[in-house]
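Visitor: how would this look folded up:
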Amino acid sequence: MAGDEPLELKFRLHDGTDIGPNNYAPATTVATLKENILAQWPKDKEINPKTINDMKLINAGRILENNKTLGESRISIGELPGGIITMHVIVRPPVSDKANEKQLSVYTKKSRCACTIV
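Guide: Numbering: from 1, shown residues only. As a prediction, this is how the structure comes out:
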């Protein structure tokens, strides 16, 4: 990545549609990118993230961390100058409360112990 040159990014959703492209400074954090994606998310999609923690951004096979900037994440520009970088957006599916309760009850049953003093 060359200096403070803005990066042109687009975000590929699970169904193959894109958000963007838009230009971002290398000092932009991944959390800020996710906030922008959340604001631009198409309303007609079946799966909609509720917060930035419901999504993961993947670039070149690496999951990007929220607290890192684009510059710190070493986003590769590619061989063509002025090219658009495509990042993949993965949305964590919502988990129903009954499933959580069932997992919790199974976990608490497994973690019981009994002691016998002879």
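Visitor: Contacts for the helix or strand containing M87 next, please.
Guide: The secondary structure element spanning M87 is strand 85-91 (assigned by DSSP states H and E). Strand 85-91 is contacted from outside by 7-14, 18-19, 33, 37, 47-49, 54-59, 64, 75-78, using Cβ atoms under 8 Å, 6 or more residues apart in numbering. (C-beta placed from N, C-alpha, C; glycine too.)
Visitor: so of the residues you listed, which ones are in helices?
Guide: Among those, the subset assigned to helices under DSSP state H consists of L33, I37.
Visitor: What about A39? Give its phi and psi, please.
Guide: The phi and psi values for A39, taken as degrees, to the nearest 10, are phi -70, psi -30.
Visitor: er, V30 I mean
Guide: Main-chain torsions, V30, degrees, to the nearest 10: phi -60, psi -40.
Visitor: mind listing what's buried in the strand holding M87?
Guide: Taking 16 or more other Cβ atoms under 10 Å as the neighbour-count basis, strand 85-91 is seen to contain the buried residues I85, M87, V89, V91.
Visitor: show me what contacts the nearest residue to P93 once chain neighbours are set aside?
Guide: Taking Cβ to Cβ, 6 or more residues apart in numbering as the measure, P93 lies nearest to I47, with 6.6 Å between them; neighbours along the chain are not counted. Shown in contact with I47 (Cβ under 8 Å, 6+ apart): H14, V91, P93.
Visitor: ok, how many other residues are close to K43?
Guide: Look at K43: counted by other Cβ atoms under 10 Å, it has 5 neighbours.
Visitor: Quick check, pLDDT for it.
Guide: In this model, K43 is scored at 86, pLDDT.
Visitor: any idea how far it is from S73?
Guide: 29 Å (Cβ to Cβ, to the nearest Å).
Visitor: Repeat that for W41.
Guide: Counting by Cβ to Cβ - W41 and S73 are separated by 22 Å.
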